[in-house]
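> no FASTA, just this:
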């Protein structure tokens with residue numbers, strides 16, 4: 001969990017000074033609570049829930065001058081969720097992801113919808129992963145994050161992330177297909193710069 005917090009703080013510490021200096025592009029920094037449903041093995045659900053937090057930085061590269069933050073740009077997202085037990089097992093799971101990719105923000109009066117496709121890595125820790133003939137406590141994999149969100153403007157520089165829904169696919173080792181399907185639901189606060 002400390003690694004995730006450091007990752008989120010790192011993104012924010014890099015993003016905020018950059019966003020404050022923006023003159024030709026607009027940007028946002030979002031901080032949110034995140035809940036996730038994950039499957040232990042494919043086939044039957046074997047689902048379990050995790051909770052945590054996330055943050056993202058978005059640089060709007062096309063659409064400057066559009067209402068609010070509408071446009072197309074690059075998003076960088078980092079988050080971490082945790083559970084104390086995976087389906088009653090004597091171990092839990094901390095799942096940390098860092099992803100980046102394109103985001104499109106559609107124009108809206110008070111509510112701005114957005115969609116994104118992000119790619120990066122996932123790090124599972126404090127758990128049990130098969131590795132050859134042994135069990136290890138951490139593993140890494142590719143991560144695919146496809147989703148959308150809606151922000152509700154409450155001022156010139158702030159909006160509320162009403163809801164964010166993401167499909168997250170990871171490939172951590174699991175003695176089966178080595179793939180996991182995750183559904184994340186989140187809400188939070190977004191800070192806008194350069195508008």
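Cool, got the structure. Predicted model, so just to flag it, every value in this text is computed and none were measured.
> mind showing which ranges of the chain have poor pLDDT?
1-24, 40-45, 64-69, 195 (pLDDT under 70).
> Which stretches in it count as strands?
26-39, 47-62, 71-83, 93-105, 111-125, 129-131, 134-136, 139-153, 158-170, 180-193 (DSSP state E).
> Would you format the ones you listed as JSON lines with mean neighbour count included?
Quick note: C-beta positions are derived from backbone N, CA and C, even for glycine. Converted to JSON lines, the strands of the chain look like this (neighbours: other Cβ atoms under 10 Å):
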{"stretch": "strand 26-39", "mean neighbour count": "20"}
{"stretch": "strand 47-62", "mean neighbour count": "20"}
{"stretch": "strand 71-83", "mean neighbour count": "21"}
{"stretch": "strand 93-105", "mean neighbour count": "22"}
{"stretch": "strand 111-125", "mean neighbour count": "18"}
{"stretch": "strand 129-131", "mean neighbour count": "16"}
{"stretch": "strand 134-136", "mean neighbour count": "11"}
{"stretch": "strand 139-153", "mean neighbour count": "19"}
{"stretch": "strand 158-170", "mean neighbour count": "18"}
{"stretch": "strand 180-193", "mean neighbour count": "19"}
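> Return the distance of the residue lying closest to residue 123 once chain neighbours are set aside relative to residue 128.
Of all residues not flanking residue 123 in the chain, residue 96 sits nearest, at 4.6 Å (Cβ to Cβ, 6 or more residues apart in numbering). Noted for residue 96: a distance of 17 Å to residue 128, by Cβ to Cβ, to the nearest Å.
> Look up phi and psi at residue 175.
phi 60, psi 20 (degrees, to the nearest 10).
> Grab the nearest non-local neighbour of it.
residue 130 (5.1 Å).
> can you check residue 182 too?
Per Cβ to Cβ, 6+ apart, closest to residue 182 is residue 168, 4.1 Å.
> again, but for residue 138
residue 125 (4.2 Å).
> shouldn't that neighbour be in contact with residue 140?
No - look at residue 125 against residue 140 with Cβ atoms under 8 Å: they stay out of range, at 9.6 Å.
> Return the set of residues that bridge with the residue nearest to residue 182.
In this entry, residue 168 is beta-bridged to residue 145, residue 182, by DSSP bridges.
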